[in-house]
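Engineer: have a look; sequence and predicted model below, questions after that.
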Amino acid sequence: MVSLGTLPHTAVGRSEPTHYHVFYSAILQLRYGHLSKMTFVMLWVMGGPISLARHGVLMMFLPVLGVLGFISIFPIYVLRKARLHTDTRTQPSVALEIYRRLFSKSYVRVSIIYLFSSYIITQIYCSEFSDLTMFLPKRDFELSKVNEKRIYINMLSVYVALIYATIHCLQDKDRLSLPSVKTDPMLRVKQILYPEFRKSLALSVVLSIIFIPAYLPFRGYIWRSSLYFARFLATLHKSTATGSFPFSPLHSFLISFTLLFMWNMANEMCTIYLTLGALHRGKGISEKSSDPNGTLLTGLRRGSKKQFTRRTAFQELRFIAYNDGRRRDSIYKDVEKPSTWQQINTECLNVLQDLRNGFVINSDLPRKSNPQSRSTAPVPIQHIPLTSSTPSPIRMRRENIFLSAARLNESPTSKLERRLLEGLQDPLAVQSSSAIAWFQGLQKWLKQGKEELWTHIIAFLCTPYGAPFRYTIQRKVSKLVSNRELVSDAVNALSDLVINSIIEDTFGTVQRDIPRILSEFDQTITLLESFVEKPPLHWSDVGNKKKLVNGMNPIGTSDAIELDEVDILVDDLTEAFDRIVHTFDKYLLGMALNPDVYKRCWVSLRHV
């Protein structure tokens with residue numbers, strides 16, 4: 001290997017590459033186009049049988065229903081694009097999560113979008129059936145009558161829209177998780193078609209049945225309000241009496257199923273096309289740049305507001321580190337300071353540092369200092385003179401210092417207050433003793449009340465009704481590890497680059513950073529393992545507290561507290577650490593590793 005110190009340094013600095021988000025935005029727009037085209041075709045096919053039955057063969061080939069249906073679905077795609085994110089936004093308890101997701105401006109926006117979509121779809125549906133007109137059929141000499149069945153269908157569509165908006169927010173459909181394996185989008189759409197059909201079918205039956213008792217208490221108010229507005233459109237009959245109950249099983253089921261199936265398919269297709277990943281037509285997104293490595297680095301940098309872009313950039317880095325030897329070679333050979341490898345290494349380790357900081361800040365775990373950052377330089381002692389050559393003069397006061405300062409300029413109000421206080425003094429301390437006894441009794445009563453209240457709260461939390469109010473450690477971990485896929489991609493990409501460098505790194509740019517990488521892996525594994533061994537449970541987490549043995553998590557037993565996200569990260573980090581150690585086992589003694597890393601390396605090599 002050639003020493004880096006012997007290589008010539010270029011005088012010209014790096015030019016600023018095109019940002020990764022520029023290319024990714026263009027590819028996302030192209031994918032949005034494919035999504036829109038597939039949606040339009042799907043809606044055209046769904047509306048074909050209706051057009052054929054109602055208007056003949058010619059209307060079946062005209063995409064009228066497809067265009068109207070696309071207008072109702074497109075706002076959902078706009079909503080998904082505006083709200084997409086990659087991190088889990090879990091709240092400490094189920095009750096708090098429901099409150100913050102449903103009682104928020106976000107839920108109002110989602111509801112408005114689905115109400116708009118349901119209105120268009122319902123109007124299209126009602127226009128295809130003669131018994132769902134706004135006014136009942138009448139003879140020439142009769143006055144118009146409002147069709148309550150149409151009102152019922154309209155209210156049902158509003159009800160379904162609000163329920164689906166609730167499901168959208170509670171399930172956090174806007175969160176995207178990039179799959180590790182790229183598959184054909186058409187194949188994924190075909191795979192979800194039947195499950196979404198079954199899901200929509202079952203939910204439409206349930207909602208249609210539940211809406212009947214939900215509509216009954218408000219029937220009179222809805223009927224009178226509908227008559228009030230309908231009188232602006234036509235001259236109505238004076239009678240305001242309601243007829244038979246307007247429930248229509250067939251129409252209720254069909255409109256509910258149509259709305260739910262269209263929305264489910266729209267959301268699933270949007271997720272499929274937005275999570276196609278970092279490969280476009282078999283190549284990475286950064287390959288379109290004149291400086292691929294520089295563009296990739298702009299997407300990896302910490303602090304980027306485009307979290308979805310950063311997540312995709314790390315996925316591309318993982319693909320390069322494992323599959324693309326040509327790009328790996330360009331990373332190793334780029335030695336212009338700061339080198340590409342140094343910047344990639346820094347960004348990957350920043351992900352681990354952010355993870356550790358989150359666990360340290362939100363728990364009682366001690367922060368493990370970095371031994372490389374410790375300074376052994378002596379601190380110089382500053383000698384301060386004990387005396388001063390020019391002492392400050394002593395100020396003399398001419399007033400009587402034994403008089404109270406408050407009485408010198410005492411106002412009439414202050415004099416009255418002072419006299420009242422002096423008059424209330426108890427020379428024998430009888431009143432003071434009784435007051436002290438009264439306050440002590442009050443304090444004892446409050447303490448007993450607090451203990452009883454605390455007992456009732458704990459008893460309530462132990463019941464199934466109190467389970468939604470528990471601040472569980474699982475939900476806390478889900479918030480701390482809010483982007484586990486990003487951490488896994490960073491760890492695996494870094495380990496693959498290090499392992500492949502033993503053969504492909506001609507200049508030795510990677511080997512000198514191995515001690516720091518192993519140290520960072522060791523610190524993270526140790527921190528996560530200590531978190532699992534002694535999880536910081538909230539006082540309300542009564543279910544998990546019962547599983548502790550002497551304050552410790554009984555790992556390896558059936559009563560152990562399961563923390564899946566942390567376990568997956570520990571497995572990824574341990575596997576990456578072992579792979580690096582087994583690859584460079586002959587060179588570990590010359591790497592000046594710290595004792596903790598040496599110990600873990602010895603354990604790893606012993607379990608080969």
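Structural biologist: The structure has been received and is ready for your questions.

Engineer: just read off the phi/psi values of Val146.
Structural biologist: According to degrees, to the nearest 10, the main-chain angles of Val146 amount to phi -70, psi 140.

Engineer: do you know how far it is from Asn154?
Structural biologist: For Val146, the distance to Asn154 equals 11 Å [CB to CB, to the nearest Å]. C-betas here are computed from N, CA, C, even on glycine.

Engineer: swap in Lys145?
Structural biologist: Lys145 sits at a distance of 16 Å from Asn154 (criterion: CB to CB).

Engineer: over to Ser25?
Structural biologist: 40 Å.

Engineer: so the two - more neighbours on which side?
Structural biologist: Neighbours per residue (other CB atoms under 10 Å) separate Ser25 from Asn154, with Asn154 holding more: 20 against 13.

Engineer: what's the neighbour count on the closest residue to the more buried one other than its chain neighbours?
Structural biologist: Leaving aside its sequence neighbours, Asn154 sits nearest to Thr122 (CB to CB, 6 or more residues apart in numbering; 6.2 Å). Neighbour count of Thr122, defined by other CB under 10 Å: 23.

Engineer: just Ser540 next, same as before
Structural biologist: So Ser540, with other CB under 10 Å, has 17 neighbours.

Engineer: apart from its chain neighbours, what residue comes closest to Leu193?
Structural biologist: Of all residues not flanking Leu193 in the chain, Met265 sits nearest, at 7.7 Å (CB to CB, 6+ apart).

Engineer: and what of Val67?
Structural biologist: Take Val67 and drop its neighbours on the chain: the residue closest to it by CB to CB, 6+ apart is Phe40, 7.7 Å away.

Engineer: which residues touch that neighbour?
Structural biologist: For Phe40, the contact set (CB atoms under 8 Å, 6 or more residues apart in numbering) comprises 63, 66-67, 70.

Engineer: and whichever strand or helix holds the residue nearest to Leu193, how far from the chain's centre?
Structural biologist: Element membership of Met265 [criterion: DSSP states H and E] is helix 249-274. The gap between the average C-alpha position of helix 249-274 and the chain average comes to 25 Å, counting by CA atoms, centre = their mean, to the nearest Å.

Engineer: just the buried residues of it, please?
Structural biologist: Within helix 249-274, the residues that qualify as buried are 251-274, counting by 16 or more other CB atoms under 10 Å.

Engineer: swap in stretch 81-100?
Structural biologist: Residues 83-84, 86-88, 90-94, 97 are the ones in stretch 81-100 that count as buried (16+ other CB under 10 Å).

Engineer: for the residue nearest to Val67, what are phi and psi?
Structural biologist: Recorded main-chain torsions at Phe40 are phi -60, psi -40, according to degrees, to the nearest 10.

Engineer: give me the pLDDT value at it.
Structural biologist: Listed pLDDT for Phe40 reads 91.

Engineer: ok, now how distant is it from Arg150?
Structural biologist: 28 Å.

Engineer: quickly note the distance from Glu16 to Thr298.
Structural biologist: Separation of Glu16 from Thr298 (CB to CB) stands at 9 Å.

Engineer: what about Leu494, which SS state?
Structural biologist: Classification of Leu494 using DSSP: H, G, I helix; E, B strand; the rest coil returns helix.

Engineer: now do the same contact list for it.
Structural biologist: Neighbouring residues of Leu494 by CB under 8 Å, 6+ apart: 321, 344-345, 348-349, 517, 576.

Engineer: if we can go back for a sec, surely the residue nearest to Leu193 touches Glu196?
Structural biologist: Yes: the pair Met265 and Glu196 qualifies as a contact (CB atoms under 8 Å) at a distance of 5.7 Å.

Engineer: low pLDDT regions in the stretch 201-350 of the chain?
Structural biologist: Low-confidence segments of the stretch 201-350 of the chain, defined by pLDDT under 70: none present.

Engineer: for it, just list every one of the helices.
Structural biologist: For the stretch 201-350 of the chain, the helices identified by DSSP state H, counting those that start in this stretch occupy 219-230, 249-274, 292-300, 307-323, 325-333, 340-361, in order along the chain.

Engineer: tell me the helices and strands packed up against the third one.
Structural biologist: In terms of contacts (3 or more CB pairs under 8 Å, 6 or more residues apart in numbering; DSSP states H and E), helix 292-300 is packed against helix 20-55, helix 307-323, helix 325-333, helix 340-361.

Engineer: repeat that for 6 Å
Structural biologist: For helix 292-300, the elements it packs on are helix 20-55, helix 307-323, helix 340-361, judged by 3 or more CB pairs under 6 Å, 6 or more residues apart in numbering; DSSP states H and E.
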